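Student: Fold the following for me, if possible:
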Amino acid sequence: MSLPIPTPGRALLTLSSISQIAGTYLADWSSTHLLNPRWPPHARFHNGQTMSMGAALGLLTLYYTWRSYSTKECEKQGTVTAMLMGSLYWVTAFSAVLYPGTLAVDPEFRHRHNSDFPQKWVFMGLWALALAGGALELRRLGVQVQNKRS
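Tutor: Below you'll find the predicted structure:
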């Protein structure tokens with residue numbers, strides 16, 4: 001089987017997934033995170049876990065976005081999987097601030113930002129790319145969203 005043709009939906013899913021793979025390392029392998037001397041080893045462990053999870057989810061998104069499928073039904077299921085894998089990292093980033101004692105920005109770096117959660121706009125945008133990419137692909141594959149109110 002040959003590679004699937006490039007489509008706008010696949011492009012959006014790919015952009016979101018590349019951001020998951022590279023963005024976590026670009027943002028977190030820095031003095032504000034992994035290389036922060038104030039962070040204890042266990043905090044660094046969890047940061048490494050988060051970076052690896054972002055890379056794994058991004059790679060899975062790429063796999064399900066670009067693999068060949070034997071049937072249209074399998075491709076629909078693969079697209080839903082790609083959309084979910086492409087969304088999970090961004091969704092869990094929003095849940096992280098709900099845990100006791102967490103902050104989206106350490107106090108020592110607060111002066112660099114005009115917000116307590118400056119990443120939220122980037123996270124929302126990349127989550128929207130994954131959702132829009134999946135929706136475009138599902139539409140291309142003929143999936144109809146039914147209005148339950150009628």
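Student: Name the surrounding residues that touch the helix or strand containing residue 14.
Tutor: Secondary structure assigned from DSSP states H and E places residue 14 in helix 8-28. Where contact means CB atoms under 8 Å, 6 or more residues apart in numbering, the residues beyond helix 8-28 that reach it are 4, 33-34, 47, 50-51, 54-55, 57-59, 61-62, 65-66, 79, 82-83, 85-86, 89-90, 119, 126-127, 129-130, 132-140. From N, CA and C alone the C-beta is placed, and that goes for glycine too.
Student: Report the mean per-residue pLDDT for it.
Tutor: Helix 8-28 shows an average pLDDT of 96 in the prediction.
Student: Quick check: buried residues in that helix?
Tutor: Buried positions in helix 8-28, judged by neighbour count with 16 or more other CB atoms under 10 Å: 9-10, 12-14, 16-17, 19-21, 23-24, 28.
Student: Also stretch 79-99?
Tutor: By neighbour count, and taking 16+ other CB under 10 Å as the criterion, the buried residues in stretch 79-99 are 79, 81, 82, 83, 84, 85, 86, 87, 88, 89, 90, 93.
Student: Heading C-terminal from the helix or strand harbouring residue 49, find the next helix or strand.
Tutor: Using DSSP H and E, residue 49 falls within helix 41-66. Using DSSP H and E, the next helix or strand after helix 41-66 towards the C-terminus is helix 72-96.
Student: what packs against that following helix?
Tutor: Using 3 or more CB pairs under 8 Å, 6 or more residues apart in numbering; DSSP states H and E as the contact criterion, the elements in contact with helix 72-96 are helix 8-28, helix 41-66, helix 120-140.
Student: Cool, thanks, talk later.
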